[in-house]
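Enquirer: mind folding the following:
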Amino acid sequence: MRKEIWHLGNREFTCKEDALKSAQHMEKKWKYYNLDNYEYIEKKKNVKGKRGRPSGDTRDIKIIYKIKTSYKPDEKAIENERKCKGKFIVATNNLNLPDEDTLKEYKGQQSVERGFRFIKDPLFFASATFLKAPRRIVSLVMIMGLSLLIYSLAQRKLRKALELMNENIPNQVGKPTKKPTMRYIFQIFEGLEYLIIKDGKQESYQILNMKPIHKQILNLMGSHYENIYLLKRGCGI
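Expert: Numbers count the residues shown, from 1 in each chain. Model prediction:
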C-alpha cells in the first residue's frame, strides 16, 4: 500500500476531482484499510511551446494537481472478518473434555492421519489389493493398522535415539537430520542380502552390502536389531 500511495503522490492531474477519483479507485482494492488525510498540492507547470524565447503569455503555463494521502485500518471491516474467521469449530461427543484439551486432541489427529498416507504409497501396494468379502476387508484394515503402529513406534524410537545420542543421519539430499522417516530408512536398507554358506554340515551366515550408515541405525535402534543383522554374533560382514 505504501508503494501505491507513493506512486499516486507523484502523478499529475489536471483537476482535484481527477486526483480524488484516482485515490478512491485505489482504495477500492483494499480490504481492511481506508485512505486518510487528503492533501492537494497545486503547482504551475510550463507548457512546451514553439522554439525560441518564451513569451510572457500566461497561456504557456498550466496548473497541475497532486494528491498526498495516508491510510488507516478499517476497524469495522476487520471486526466483521474477526467474527467470521475468528472461530474454530470442533465437534465431539466427549462433553467432559475441556475446550483447550479438545482442540489439542483434534490437532493431534493430524500425525495419525499423516501416517495413513503409506496405505496409498506404491511402496506398500495396498491400492492394488482387491477384496470383496467384508471380513477380509476388516482383516486387511487390521493388518494395515498394526503395520502403521509398528511403523510409527519404530520411527519414534529412532528419532528419540538420535536426539538422546546427539547424532544425525544424512537425508535424501545429503543434509544431516534428526527426524528421518521410516520410509526413507526402509529405502536405505534396500540392497542388503542374507548369505548362507554351507561347508559340509557346518553353516555360516553373512549380511552383504552392509555400510556404516546401516550399522549406525541398527546401533541406535538397539541390540535386538543388531542381533537380527548378525552384528553381535561375530560373523564376517
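Enquirer: contacts and neighbour counts: CA atoms only from here.
Expert: OK.
Enquirer: just for this structure, where's the confidence low?
Expert: 48-60, 112, 115-116, 118-129, 232-237 (pLDDT under 70).
Enquirer: can you list the domain ranges for it.
Expert: 2-77, 113-168, 189-228 (automatic domain parsing).
Enquirer: would you turn these into TSV with distance to residue 182?
Expert: Listed next are these as TSV, based on distance: least, C-alpha to C-alpha, whole Å:
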stretch	distance to residue 182
domain 2-77	46
domain 113-168	5
domain 189-228	10
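Enquirer: for those domains, which one sits closest to residue 92?
Expert: domain 113-168 (17.7 Å; C-alpha to C-alpha).
Enquirer: endpoints of the closest one, how far apart?
Expert: 26 Å (C-alpha to C-alpha, to the nearest Å).
Enquirer: in this structure, where's the longest helix?
Expert: helix 134-165 (DSSP state H).
Enquirer: hey, where'd the helices end up in this structure?
Expert: Under DSSP H, the chain gives helices at 2-9, 16-27, 75-85, 99-115, 134-165, 182-188, 212-221, 223-228.
Enquirer: now those helices in CSV, with mean neighbour count and distance to residue 46?
Expert: Listed next are the helices of the chain as CSV, based on neighbours: other C-alpha atoms under 10 Å; distance: least, C-alpha to C-alpha, whole Å:
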stretch, mean neighbour count, distance to residue 46
helix 2-9, 13, 20
helix 16-27, 15, 19
helix 75-85, 11, 44
helix 99-115, 12, 67
helix 134-165, 14, 74
helix 182-188, 13, 73
helix 212-221, 16, 79
helix 223-228, 14, 88
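Enquirer: okay, now residue 231: neighbour count?
Expert: Using other C-alpha atoms under 10 Å, residue 231 has 19 neighbouring residues.
Enquirer: tell me which residues touch it, please.
Expert: Residue 231 makes contact with no residue, according to C-alpha atoms under 8 Å, 6 or more residues apart in numbering.
Enquirer: from residue 180, how far off is it?
Expert: Applying C-alpha to C-alpha to residue 231 and residue 180 gives a distance of 23 Å.
Enquirer: wait, residue 131 sits on residue 137?
Expert: Yes: Residue 131 is within contact range of residue 137, at 6.0 Å (criterion: C-alpha atoms under 8 Å).
Enquirer: which ones are touching residue 78?
Expert: Contacts of residue 78 (C-alpha under 8 Å, 6+ apart): residue 32.
Enquirer: over to residue 109?
Expert: Residue 109 sits next to no residue when contact means C-alpha under 8 Å, 6+ apart.
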